[in-house]
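Engineer: Here is a sequence together with a model predicted from it:
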Amino acid sequence: MRLDTISSLITEKLAELKKTIGLRKNQGFEAALQVIETNQGKNLMDEIRSGIKEIENDRKVLLQQQVVEAKASAVKTMVTLAIAIILSFVILRTYATGTARAQFYSIYLLCQSGVSRWHC
C-alpha cells in the first residue's frame with residue numbers, strides 16, 4: 001500500500017469522526033451510535049494500520065538487503081586489503097633481495113677486477 005492511499009484513508013477517517021461528532025452534538029447520542037455501530041470508522045482504522053504495517057515490512061526487507069550488501073562489501077574490502085598487504089610484502093622483499101644481490105655482485109666484480117681495495 002502506498003502513502004497516498006493511507007493518506008486518503010486518514011482523510012476518510014477524519015471525515016467519519018467529524019460526522020459522528022456532529023451527529024452527537026446536533027442529533028444526540030443515538031444518532032452517533034448508529035454510525036459507530038456500522039464499524040465504518042473501525043474498518044478505516046484497520047485499513048490504515050494494515051497499510052502502515054505493510055510499509056514497515058517493506059522497509060525492513062529493504063534494510064535487511066542493505067545490511068547483507070554492506071557485509072558483502074566489507075568482506076570484499078578486507079580481502080582486497082589483505083591481498084594488497086601480502087603483495088606489498090612480496091614486492092618489498094623482492095626489491096630488498098634484488099638490491100642486496102646487486103650490491104654483492106658489484107663487490108664481486110670489483111674484487112675480480114682488482115680495482116677494489118676491499119679484502120676480497
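Structural biologist: Yep, it's here. Numbering: from 1, shown residues only.

Engineer: which helices and strands does the helix or strand hosting Thr94 pack with?
Structural biologist: Under the criterion of DSSP states H and E, Thr94 resides in helix 40-113. If you count contacts as 3 or more CB pairs under 8 Å, 6 or more residues apart in numbering; DSSP states H and E, helix 40-113 packs onto helix 3-27. C-betas here are computed from N, CA, C, even on glycine.

Engineer: How far off centre is the helix it packs on?
Structural biologist: 38 Å (CA atoms, centre = their mean, to the nearest Å).

Engineer: Repeat that for stretch 86-104.
Structural biologist: Counting by CA atoms, centre = their mean, stretch 86-104 comes out at 42 Å from the chain centroid.

Engineer: Same check on stretch 75-95?
Structural biologist: 28 Å.

Engineer: before we move on, the earlier item: report the angle between the helix holding Thr94 and helix 3-27.
Structural biologist: Here helix 40-113 runs at an angle of 150 degrees relative to helix 3-27 (axes from the mean of the first three to the mean of the last three CA atoms, to 10 degrees).

Engineer: where does Glu37 fall, phi/psi-wise?
Structural biologist: Phi and psi for Glu37, reported as degrees, to the nearest 10, are phi -70, psi -10.

Engineer: Tell me how many other residues crowd it.
Structural biologist: When counting by other CB atoms under 10 Å, one arrives at 8 neighbours for Glu37.

Engineer: mind checking how far it is from Asn57?
Structural biologist: 32 Å (CB to CB, to the nearest Å).

Engineer: go on, Met78?
Structural biologist: Met78 is 32 Å from Asn57, by CB to CB.

Engineer: How far does the helix holding Thr94 sit from its chain's centre?
Structural biologist: 15 Å.

Engineer: what about that helix, average pLDDT?
Structural biologist: Taken as a whole, helix 40-113 carries a mean pLDDT of 90.

Engineer: Can you pull up the most central residue in this protein?
Structural biologist: Gln66 (3.6 Å; CA atoms, centre = their mean).

Engineer: any idea how far that one lies from Glu47?
Structural biologist: 29 Å.
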